[in-house]
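**Q** Sequence and predicted model, in that order:
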Amino acid sequence: MKYDWILFDADETLFSFDAFKGLELMFSRHGVAFNKTDFIEYEKINRPLWVQYQNGEISAAELQQTRFRPWAKKLNTTEQQLNDDFMNAMADICKPLPGAKSLLDSLKGKAKLGIITNGFTALQRILIVVFSATALKKWAIQTHLVYLWLAIIRNQIF
């Protein structure tokens, strides 16, 4: 093979990632029936924050907390707690996508494999554990895993 490394995006390439279902689960744990209208309102806040984050205008912590500010007030909890709860809910629902295992198996020994993501470290680490607990256990343990965070992409590290 011509390449030393093959890099994969994590969300919706290797792992399923359904933010609505994650939010629905997270809010159900707080006794709230989260619906599509709630999701639309959440996305009105969340999407611009992601653009700001990717442009280096705000930190990950600012994104994670600001997106839950209205809900934290309603639920009498902290923004950080809701974000942590969301990360846990996403970890509960994210699964390897169909074909991920066979693709990774077909590349085994041909190149080093890694994950590149602009996702948050905490969730990505949990997903690697999820991978390790599934049929992809062998891949997750034996493969070189590399996280090339957005900071690297922005040339802030190199």
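**A** Now that the structure is in, tell me what you want to look at.

**Q** contacting residues for Leu82?
**A** Leu82 makes contact with Met26, Phe68, Trp71, Ala72, Leu75, according to Cβ atoms under 8 Å, 6 or more residues apart in numbering. From N, CA and C alone the C-beta is placed, and that goes for glycine too.

**Q** Excluding sequence neighbours, find me the nearest residue to it.
**A** Distances taken as Cβ to Cβ, 6 or more residues apart in numbering put Phe68 closest to Leu82, at 4.0 Å, once the chain neighbours are dropped.

**Q** quick revisit: just give me the closest of the contacts of Leu82 to Glu41.
**A** Nearest to Glu41 among the contacts of Leu82, counting by Cβ to Cβ, is Trp71 at 9.7 Å.

**Q** how many neighbours does the closest one have?
**A** Residues lying near Trp71 (other Cβ atoms under 10 Å) number 22.

**Q** Report the secondary structure state of it.
**A** Classification of Trp71 by DSSP: H, G, I helix; E, B strand; the rest coil places it in helix.

**Q** do the same with Pro98
**A** For Pro98, the assignment made with three-state DSSP gives coil.

**Q** count of neighbours near it?
**A** Around Pro98 sit 8 other residues, with neighbours defined as other Cβ under 10 Å.

**Q** and the gap between it and Ser16?
**A** According to Cβ to Cβ, to the nearest Å, Pro98 stands 9 Å off from Ser16.

**Q** ok, now Leu25?
**A** Where Ser16 is concerned, Leu25 sits at a distance of 13 Å (Cβ to Cβ).

**Q** If anything else comes up later, I'll come back, but that's it for now.
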